[in-house]
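Undergrad: Structure of the sequence below:
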Amino acid sequence: MKVTREKAAAHRAAIVKAAADLFRARGLDGVGVAEIMQAAGLTHGGFYGHFKSKDALAAEACLAAFNEGLERVAADTNLAGYVARYFTKAHRDRHDGGCPMVALGSEIAHQEKDVQAKFAEGIAAYIAGIEDLVRRSDGEQDPAGQRAQAITAVATLVGGMILARATAEAQPSLSAEILDILPRAITH
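TA: The predicted structure follows:
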């Protein structure tokens with residue numbers, strides 16, 4: 001039975017979505033193709049009809065994960081509001097989604113070059129999105145200053161969330177303090 005192009009595109013989108021969620025939950029090496037296909041509601045045998053390799057899927061899944069975050073950035077009107085929504089307990093405790101830089105950042109240097117390239121593309125797009133928020137929040141600052149603030153904000157967002165997640169169980173008060181203090185540090 002031949003699958004229509006629309007159905008094949010829907011299957012591919014389901015695979016990418018399942019992979020993006022599972023990779024952020026358990027890492028790129030922590031999940032296999034069979035599990036991704038099962039999460040997408042498809043059989044393992046159909047994988048290679050959509051992707052050449054798990055690495056090819058990982059590259060596309062990374063971009064899809066970044067695109068989710070970029071939609072949230074684009075929907076916001078100012079940096080302070082976005083930062084406040086980023087540094088929440090719900091985001092800290094979400095391990096099947098959320099920020100791909102937090103979930104996968106330390107693994108990327110060990111991945112294939114295509115995965116690294118797509119991840120770097122996502123980081124660049126995210127910085128540009130934050131730079132746009134900086135510009136909307138403070139149009140008085142020069143472009144170089146806006147770019148510097150955006151890069152600083154992204155590094156603080158990612159590093160801060162990594163620290164908040166790392167301390168959530170063992171030192172919940174420290175984790176809460178990180179979530180409380182860093183939004184003010186970024187926007188002041």
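Undergrad: going forward, measure contacts and count neighbours with C-alpha atoms only.
TA: OK.
Undergrad: Spatially nearest residue to residue 147, not counting backbone neighbours?
TA: residue 131 (5.8 Å; C-alpha to C-alpha, 6 or more residues apart in numbering).
Undergrad: Roughly how far does that neighbour sit from residue 138?
TA: Using C-alpha to C-alpha, to the nearest Å, residue 131 is found at 10 Å from residue 138.
Undergrad: what about these two, which has more around it?
TA: Just comparing residue 131 and residue 138: by other C-alpha atoms under 10 Å the higher neighbour count belongs to residue 131, 23 against 13.
Undergrad: Quick check, that one in contact with residue 152.
TA: No: counting by C-alpha atoms under 8 Å, residue 131 does not reach residue 152; the two are 10.2 Å apart.
Undergrad: Can you list the buried residues in the strand or helix carrying the residue nearest to residue 147?
TA: Using DSSP states H and E, residue 131 maps to helix 113-137. For helix 113-137, the neighbour count (16 or more other C-alpha atoms under 10 Å) marks 115-116, 118-120, 122-123, 125-135, 137 as buried.
Undergrad: what's the answer for stretch 62-75, then?
TA: Those would be 62-67, 69-70, 73, for stretch 62-75 by 16+ other C-alpha under 10 Å.
Undergrad: circling back: avg pLDDT for the helix holding residue 131?
TA: Mean per-residue pLDDT for helix 113-137: 95.
Undergrad: Could you check how far that helix is from the centre of its chain?
TA: 10 Å (C-alpha atoms, centre = their mean, to the nearest Å).
Undergrad: Which neighbouring elements make contact with the helix or strand following it?
TA: The helix or strand immediately downstream of helix 113-137 is helix 143-167, counting by DSSP H and E. Judged by 3 or more C-alpha pairs under 8 Å, 6 or more residues apart in numbering; DSSP states H and E, helix 143-167 is in contact with helix 89-93, helix 100-104, helix 113-137, helix 172-187.
Undergrad: Can you tell me what sits against the third one?
TA: With C-alpha atoms under 8 Å, 6 or more residues apart in numbering as the test, helix 113-137 has contacts from 55-56, 58-60, 62-63, 66-67, 69-70, 73-74, 76-79, 101, 108-109, 141, 146-147, 149-151, 153-154.
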